[in-house]
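**Q** Could you look at this predicted model? Sequence included:
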Amino acid sequence: MLRVFLCFIFSSKFTVAEEVSPNMSFISFVLFGFVLVLTEHFVACNVLRETMSDEVEKRTVGIPKGGLTVNIGHGLRDLIVNGKSVGIQGKTVVAFQATLTTGRIGPNYASGAIKFNAVTLNIGNGYNPSTGKFTAPIAGLYQFTVTYLQQNGYSSYVRLIKGSSVLGDMHANHKNYDLLTKTILVNLTKGQTFWAKLERSSSYAVYGAGRYTQFGGFLLSAGNY
């Protein structure tokens, strides 16, 4: 009961103090940890922390018996007990953007995956330009967008694939320059892949100059869904 009460009191003081004064929230944070160390309890409770962008998130923090240090830097509060970080972390960011600039691919494209070679963003290192595939560094819900310019004089058929399962199709048969785009939400476990495949045919080709043909995505929410 005491533990629940302490968690409640600290959470309330922390959030109220944040609005009034950053110094007050810092003092409340230190006093709370000091009380837990003195009472020699191991407590796990949810507290609120605030980043410099005023974004408030809930995080679980464990405070075992032992020394306690509070660091404030880069807008984030890190709780360190006996030299080890045990809590309040920032959001995990995974994002990438790549463009095909090597010239036309197809007809009779044998590689399957479109290898978007020019990488302008790759936070988390999930995208591999050598294979054209994104591999999820962590489990979560991702959003991907594929855009391509169909080569003049050809049609096109591009498939969006999770692992080996087709989740979406993009097709045009105008036989002139045609810009297509598709956005899709995909649930991936750690290590699963997502990629865009140009089907092999003497009729299918994609324009690969300029910055028309692109592949990008980012993590919406981490976790197993």
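**A** The structure has been received and is ready for your questions.
**Q** could you show me where the helices are in the chain, in order?
**A** Applying DSSP state H to the chain gives helices spanning 2-20, 22-39.
**Q** between the ones you listed, which gets the lowest average pLDDT?
**A** Looking at those, the lowest mean pLDDT belongs to helix 2-20 (a mean of 44).
**Q** I'd say Gln214 and Asn117 touch.
**A** No. Using Cβ atoms under 8 Å, Gln214 makes no contact with Asn117, being 11.3 Å away. Every C-beta, even on glycine, is put in place using the N, C-alpha and C of the backbone.
**Q** any residues in contact with both of these two?
**A** Overlap of the contact sets of Gln214 and Asn117 (by Cβ atoms under 8 Å, 6 or more residues apart in numbering) consists of Ala98, Thr99, Leu100.
**Q** ok, so of these, who is nearest Asn224?
**A** Ala98 (26.6 Å; Cβ to Cβ).
**Q** Contact partners for the residue nearest to that closest one when sequence neighbours are not counted?
**A** Distances taken as Cβ to Cβ, 6 or more residues apart in numbering put Phe116 closest to Ala98, at 3.6 Å, once the chain neighbours are dropped. Listed by Cβ under 8 Å, 6+ apart, the contact partners of Phe116 are Ala98, Thr99, Leu100, Tyr127, Pro129, Gly132, Thr213, Gln214, Phe215.
**Q** Roughly how far does the fifth one sit from Val166?
**A** To Val166, Pro129 is 22 Å away according to Cβ to Cβ, to the nearest Å.
**Q** what about those two, which has more around it?
**A** Neighbours per residue, other Cβ atoms under 10 Å: of Pro129 and Val166, the larger number sits with Pro129, 17 against 11.
**Q** Show me where this structure dips below the pLDDT cut-off.
**A** Within the chain, the stretches with pLDDT under 70 are 1-90.
**Q** coming back round to it: pick out the one among the shared contacts of Gln214 and Asn117 with the largest number of neighbours.
**A** Going by other Cβ under 10 Å, Leu100 tops those with 27 neighbours.
**Q** Does that one touch Gln214 like I think?
**A** Yes. Leu100 is in contact with Gln214 according to Cβ under 8 Å; the separation is 7.3 Å.
**Q** Need the overlap of contacts for those two.
**A** Common neighbours of Leu100 and Gln214 (Cβ under 8 Å, 6+ apart) are Phe116, Tyr148.
**Q** and Val93, how many residues sit next to it?
**A** 10.
**Q** need the contact list for it.
**A** Ile123, Gly124, Phe218, Leu219.
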